[in-house]
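Undergrad: Quick one: sequence and predicted model below, then my questions.
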Amino acid sequence: MATVTGAAPQPGLRQLIGRAVPYLLLAPGIAWLILFYAIPSLQMFLYSVSTGSLEEGFVLSFTPDAYVKGITQFRTQFGNSLLYGGTATVLTIIIGFPVAYTIAFRGGRYRNLILFMVIAPFFTSFLIRTISWKILLGDEGPLLGPLKHTIGILPGTFTLTGTPVAVVAGLTYNFLPFMILPLYVALEKIDVRLIEAAQDLYATRWGAFRRVTLPLALPGVFAGSILVAIPAMGDFVNAELLGSPQTRMIGNVIQNRFLIQNDYPVAAALSFILMFGILAAVTIYARFLGTERLTG
């Protein structure tokens, strides 16, 4: 007996709407990225392969002159950005991990208060916080003033402002919350019973930390490192206010070339060199940590 098979049922309007919902939710974010990231990035790339000036106009020539000039003339500033940003990132890990660990495992009823204290500096302008560090580290400030005049430990010629120490200190302070918060989230998700099980199996506290806590906290370390390293390497405010001409970072050069000298091709080329350098560093860093550990 032959059976009659009907055509496959067509999806109804409700199914079509259900399939479209994820794309509709993504649409505003994608539009924002295209309008305020993709299009400006394309414009900057076109500037980087152009010649000319702001007064005479820029001509698209697709020559790598701006990139060659950026790499050959500003190696010191690139090196400063890598050194200062990397040092600040390491310092935020060293300082931030104990803080995040204490909040996650020892915070108790004061956890929310401590978290508020961590993010409280964000209620003050980034510029004001950096100027405050300039006052704090000044020759007559509350830190060096007593050591020079009251106690007399330091000579009168000793100074911190205008040195790499001041720049790194400013970067570390300003970006420290970006390290603490991801670390806290990663540590807070750790099941305490896993640590207790390690100790029940005769692991020391350090052994339990090294074999259980630290591997499970690696997603927070990775996320915090990215959130700190990327803005720190591109920063120019701390180097401008706390440093000297010898401690200028590549962000200072980009800012000067864009806004002072109106040298758009070199400024845009430097921005792309920095962006691709950071992207390569992040890729290597993710492989070093093991990307499979950073999921879930």
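TA: Right, received. Where do you want to start? From a predicted model like this one, the values you see are computed outputs, not experimental measurements.

Undergrad: pLDDT on the longest helix along the chain, on average?
TA: Among the elements of type helix in the chain, defined by DSSP state H, the one spanning the most residues is helix 75-106. Per-residue pLDDT values over helix 75-106 give a mean of 95.

Undergrad: just stretch 259-270 next, same as before
TA: Averaging pLDDT along stretch 259-270 yields 94.

Undergrad: buried stuff in the helix or strand Gly277 falls within?
TA: Element membership of Gly277 [criterion: DSSP states H and E] is helix 264-289. For helix 264-289, burial by neighbour count (16 or more other Cβ atoms under 10 Å) applies to 264-274, 278, 281, 289. The way it works is simple: take the backbone N, C-alpha and C, and place the C-beta from them, glycine included.

Undergrad: And for stretch 153-170?
TA: Along stretch 153-170, the positions that meet the burial threshold by neighbour count (16+ other Cβ under 10 Å) are 154, 159-170.

Undergrad: For it, C-alpha coordinates in CSV please.
TA: Taking Å, rounded to 0.1, in the frame of the first residue of the first chain, the C-alpha atoms of stretch 153-170 are listed here in CSV:
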residue,chain,number,x,y,z
ILE,A,153,67.8,60.0,54.7
LEU,A,154,67.8,61.2,51.1
PRO,A,155,70.0,63.9,49.5
GLY,A,156,68.4,67.1,48.3
THR,A,157,69.1,66.2,44.7
PHE,A,158,67.2,63.0,44.8
THR,A,159,64.0,63.0,42.7
LEU,A,160,61.4,60.6,41.5
THR,A,161,59.4,62.8,39.1
GLY,A,162,60.7,62.6,35.5
THR,A,163,62.0,59.1,36.0
PRO,A,164,60.8,55.7,34.8
VAL,A,165,59.9,54.8,38.4
ALA,A,166,57.3,57.6,38.5
VAL,A,167,55.8,56.6,35.1
VAL,A,168,55.5,52.9,36.1
ALA,A,169,54.1,53.9,39.5
GLY,A,170,51.4,55.9,37.8
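
Undergrad: Any idea how far that stretch is from the middle of the chain?
TA: Its chain's C-alpha centre and that of stretch 153-170 lie 25 Å apart, by Cα atoms, centre = their mean, to the nearest Å.

Undergrad: low-scoring stretches of the stretch 101-250 of the chain, by residue?
TA: Counting by pLDDT under 70, not a single residue of the stretch 101-250 of the chain qualifies.
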